[in-house]
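1. Let me see the structure of the following:
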Amino acid sequence: GAGVVVAGCADGTVRIMDGGLRASKKRYEQKLSAHAGPVRAVAVSPDGTKLCTVGGSSKAGGAGRAYADNNIMTFDIRMVGRPPVVTQFMAGRPADPAFLGFLEGEMTPTLVVASSKPGGSVQIFEPLGDPSYAQYMQAGLGHG
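-> Modelled structure (predicted):
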């Protein structure tokens, strides 16, 4: 099969579409509300059961760019229609989450979320797991 296509959208939603849409002419689409502003990044767990997003708020920052809302939204794809579980990136510190992805080969789905700020932070945790086990790292990487 063609699988599915997942897209984060500027209106704060995530759309899940049939990857074989052109071939089958069937219209399959789920629309999930994720953020008040644009969705900046989307990741699907290797087992295909979890979908995570980071995005912006509805408030505009410099150059019309939405402020990051510091929320990581986790949806259980098997239960579309239920609200997402919200995890705060870097526990309330201004961190501007912009990148995320799942680690391959882990026994349980493990998510890595990174900041777009210079010298930004990284958070590693199990979505839908106990947030007290999250690992936080200050990258300390400079530009140059």
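2. Which parts of this protein are strands?
-> 4-8, 13-18, 29-33, 39-44, 50-60, 66-76, 85-88, 97-102, 111-115, 121-125, 135-138 (DSSP state E).
3. now those in CSV, with mean neighbour count and mean pLDDT?
-> (C-beta placed from N, C-alpha, C; glycine too.) Listed next are the strands of the chain as CSV, based on neighbours: other CB atoms under 10 Å; pLDDT from 0 to 100:
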stretch, mean neighbour count, mean pLDDT
strand 4-8, 17, 88
strand 13-18, 18, 87
strand 29-33, 16, 86
strand 39-44, 20, 92
strand 50-60, 21, 80
strand 66-76, 21, 80
strand 85-88, 16, 82
strand 97-102, 19, 88
strand 111-115, 22, 85
strand 121-125, 20, 80
strand 135-138, 12, 57
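4. what's across from the nearest residue to Val80 once chain neighbours are set aside in the sheet?
-> Leaving out its chain neighbours, the residue that sits closest to Val80 by CB to CB, 6 or more residues apart in numbering is Gln30, at 5.1 Å. Going by DSSP bridges, Gln30 is paired in beta bridges with Ile16.
5. hang on, Gln30 packs against Ile16?
-> Yes - under the criterion of CB atoms under 8 Å, Gln30 makes contact with Ile16 at 4.2 Å.
6. list residues touching both of these two?
-> Taking CB atoms under 8 Å, 6 or more residues apart in numbering as the contact rule, Gln30 and Ile16 both touch Val80.
7. Contact partners for the residue nearest to Arg15 when sequence neighbours are not counted?
-> Closest residue to Arg15 apart from its sequence neighbours, by CB to CB, 6+ apart: Ala7 at 4.9 Å. By CB under 8 Å, 6+ apart, Ala7 lies in contact with 14-15, 17, 42.
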